[in-house]
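# I need the structure of the sequence given here:
(2 chains)
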Amino acid sequence: DAKTTQPTSMDCAEGRAANLPCNHSTISGNEYVYWYRQIHSQGPQYIIHGLKNNETNEMASLIITEDRKSSTLILPHATLRDTAVYYCIVHMEYGNKLVFGAGTILRVKS
Amino acid sequence: NAGVMQNPRHLVRRRGQEARLRCSPMKGHSHVYWYRQLPEEGLKFMVYLQKENIIDESGMPKERFSAEFPKEGPSILRIQQVVRGDSAAYFCASSPTPYLARDEQFFGPGTRLTVL
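Numbers count the residues shown, from 1 in each chain, chains lettered A, B, ... in the order given. I've put the predicted structure just below:
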């Protein structure tokens, strides 16, 4: 699986959009970009995933660059409950294990 | 539909004892994954099981650790002769298929093992 690079931490004001970047320059054509988050001490939670098109669901939007070497997770209106570690993972469609990196610690502040 | 359930939520063992961690997947899910999170570290894959079969145990320590997912009942992660380095949070996840792009992995709340 391709390696990902994320900033160690980010701060965001409550109510503003949180934009979390991820670099995955060695991604191959059949690999997807997945985002999970882990709120303090809880189990990870799936957020969104995509292959090459931008994706949106009730939680977030995922913007993938045209060359697919990087992506951005957008939480449109961050709340205090969005404070968590966010993991960007690159993986094939079929897979039996997720490889978690260090992730980005997002702190949403009032 | 209840989520993935793990018990116990907290487990304390003395060095040399055995630890048994249980995971009940979501209804209809036949694929179970175990991950371990050491203090201040990220999650690491341990083992993937599909009803009665171990599919991938590449992340399991070679000794003292075993896992099973019987036809009936929860998946069990068993750690024999625990040592202090086994203290960690152990998370179980389940999915209805192994196709991540179609079916996400749902994680349980974890079992926090403390070895004294």
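
# residue ranges of the helices in chain A, please?
Using DSSP state H, no helices are assigned anywhere in chain A.

# quick one: the strands in it?
Assigned by DSSP state E, chain A shows strands spanning A:9-13, A:18-23, A:31-38, A:45-50, A:55-56, A:61-64, A:70-75, A:84-92, A:104-109.

# cool, chain B as well?
B:5-7, B:10-13, B:19-24, B:31-37, B:43-50, B:53-56, B:65-68, B:75-79, B:88-95, B:106-107, B:111-115.

# closest one to residue A:86 among those strands?
With C-beta to C-beta as the criterion, residue A:86 lies closest to strand B:43-50 of those, at 13.1 Å. Glycine gets a C-beta too; all of them are placed from N, C-alpha and C.

# the closest one and chain A, are they touching?
Yes: counting by C-beta under 8 Å from any C-beta of the partner chain, contacts between strand B:43-50 and chain A involve B:43-45, B:48.

# which of the residues you listed count as buried?
Neighbour counting by 16 or more other C-beta atoms under 10 Å in any protein chain shown classes B:43, B:45, B:48 among these as buried.

# export the strands of chain B to a markdown table and tack on distance to residue A:5?
Output for the strands of chain B, formatted as a markdown table (distance: least, C-beta to C-beta, whole Å):
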| stretch | distance to residue A:5 |
| --- | --- |
| strand B:5-7 | 31 |
| strand B:10-13 | 34 |
| strand B:19-24 | 32 |
| strand B:31-37 | 21 |
| strand B:43-50 | 18 |
| strand B:53-56 | 26 |
| strand B:65-68 | 31 |
| strand B:75-79 | 31 |
| strand B:88-95 | 24 |
| strand B:106-107 | 24 |
| strand B:111-115 | 30 |
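
# for residue A:26, find the nearest of those strands.
strand B:43-50 (19.7 Å).
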